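Enquirer: Dropping a prediction and its sequence here:
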Amino acid sequence: MINLIQIELIKIFRKWRTYIGFAAVAFVTFLIQFFYHIQGNILAKNITEKLSDSFIISGDLFNGYLIGYFVLNSLFVHIPFLIALVGGDLLASEATGGTYRMLLTRPVSRSKIILSKFIAGFIYVELLLGFLSFVSIGLSVLLFGTGDLLVVGNPFLIISSEDLLWRFFGAYILASVSMLTVFSISFMFSAFVENAIGPIVSTMAIIIIFFVISSLRLEVIELIKPYLFTTYFGDWRYFFAETINYFTLIKSVGILILHIAVIYFITNYFFNRKDILS
């Protein structure tokens, strides 16, 4: 199994589209850092003046943690598409290249092939999010220093710098489970078709539709929202609350993992019964 996973990782990282995700993450983060470098101090000064009567702020409010939090907020704008680019290609590319038959001549079962591709895709997602955390938090802290984090909400909350790293770690764990759900969906669609465009478009369409449905303030929508995986995408923000509701966080992770498991078994079931023609 380890050899199969290594082969699939080599396949993933031989393709140029794999590096689009890393390049896009770096570009967006550097762009945010650049604009914050130009205007960040002015913005922080204005906010500080308004809050100085109510809070004691340690260090500079404009710091690397603030940029890291801002980038994390924009996670679901571009990361799902970058993940779908790879997930939607893992199986569809075999059909497009006519390598399905050669792939299945290996002395391993279809289930092992699916599992190895699935795990390789998971590794890619974690590497992408790890890279995002490095450039958005690690590099930002090196460039702009540390300090307390202002969480804009109702009410405002300022979190001490000594209390932030574990919160970011927990937030990225939950965010990674959310993005693994996105990968699972694109991977499943990839097993159904012979072109990677379909899985990418279908995955993004589902995410957009679910977000739109969730935004509707209707009683019937409230009944189905717990069953939509997108409902839990923003729950990482609970790590930056004054009092963390661990039950809610565990529930969110559990439901997302259940989605991943169900989607995987659907993919495996279909692939094992798929008539390979090329």
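Expert: Good, I have the coordinates.

Enquirer: what about the most centrally placed residue in the chain, helix or strand, and which?
Expert: Nearest to the mean C-alpha position of the chain, by Cα atoms, centre = their mean, lies residue 179 at 3.3 Å. For residue 179, the host element (DSSP states H and E) is helix 165-192.

Enquirer: in that helix, what counts as buried?
Expert: Under the neighbour-count criterion of 16 or more other Cβ atoms under 10 Å, helix 165-192 has 167-168, 170-172, 174-192 buried. Quick note: C-beta positions are derived from backbone N, CA and C, even for glycine.

Enquirer: next one: stretch 198-215
Expert: 199, 200, 202, 203, 204, 206, 207, 210, 214.

Enquirer: Same question for stretch 127-146.
Expert: Those would be 127-129, 132-133, 135-137, 139-141, 144, 146, for stretch 127-146 by 16+ other Cβ under 10 Å.

Enquirer: Next step: the residues you listed restricted to helices.
Expert: Of the buried residues of stretch 127-146, the ones assigned to helices by DSSP state H are 127, 128, 129, 132, 133, 139, 140, 141, 144.

Enquirer: Serialize these to JSON lines and add fields for pLDDT and distance to residue 77.
Expert: Listed next are those as JSON lines, based on pLDDT from 0 to 100; distance: Cβ to Cβ, whole Å:
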{"residue": "127", "pLDDT": "94", "distance to residue 77": "20"}
{"residue": "128", "pLDDT": "93", "distance to residue 77": "15"}
{"residue": "129", "pLDDT": "92", "distance to residue 77": "14"}
{"residue": "132", "pLDDT": "91", "distance to residue 77": "12"}
{"residue": "133", "pLDDT": "90", "distance to residue 77": "16"}
{"residue": "139", "pLDDT": "89", "distance to residue 77": "20"}
{"residue": "140", "pLDDT": "87", "distance to residue 77": "18"}
{"residue": "141", "pLDDT": "88", "distance to residue 77": "23"}
{"residue": "144", "pLDDT": "83", "distance to residue 77": "22"}
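
Enquirer: Without its sequence neighbours, what residue ends up closest to residue 207?
Expert: residue 80 (5.6 Å; Cβ to Cβ, 6 or more residues apart in numbering).

Enquirer: Now that neighbour: which helix or strand?
Expert: helix 75-87.

Enquirer: List of residues touching that helix?
Expert: For helix 75-87, contacts defined as Cβ atoms under 8 Å, 6 or more residues apart in numbering pick out 12, 17-18, 20-21, 24-25, 28, 121, 124-125, 128-129, 132, 175, 178-179, 182-187, 190, 196, 199-200, 203-204, 207, 233-234.

Enquirer: could you check the angle helix 165-192 makes with it?
Expert: For helix 75-87 against helix 165-192, the angle by axes from the mean of the first three to the mean of the last three Cα atoms, to 10 degrees is 40 degrees.

Enquirer: Show me the shaky parts of the stretch 1-150 of the chain.
Expert: Low-confidence segments of the stretch 1-150 of the chain (pLDDT under 70): 39-61, 95-106.

Enquirer: At which residues are the helices of the stretch 1-150 of the chain located?
Expert: Taking DSSP state H, counting those that start in this stretch, the helices of the stretch 1-150 of the chain run over residues 2-14, 18-51, 64-73, 75-87, 92-96, 100-104, 110-133, 139-144.

Enquirer: now those in a markdown table, with distance to residue 241?
Expert: Output for the helices of the stretch 1-150 of the chain, formatted as a markdown table (distance: least, Cβ to Cβ, whole Å):
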| stretch | distance to residue 241 |
| --- | --- |
| helix 2-14 | 36 |
| helix 18-51 | 18 |
| helix 64-73 | 13 |
| helix 75-87 | 18 |
| helix 92-96 | 41 |
| helix 100-104 | 47 |
| helix 110-133 | 20 |
| helix 139-144 | 22 |
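
Enquirer: What's the mean pLDDT across the helix holding residue 179?
Expert: The average pLDDT within helix 165-192 is 92.

Enquirer: Quick check: what element follows it along the chain?
Expert: Next in line after helix 165-192, if elements are assigned by DSSP H and E, sits helix 197-215.
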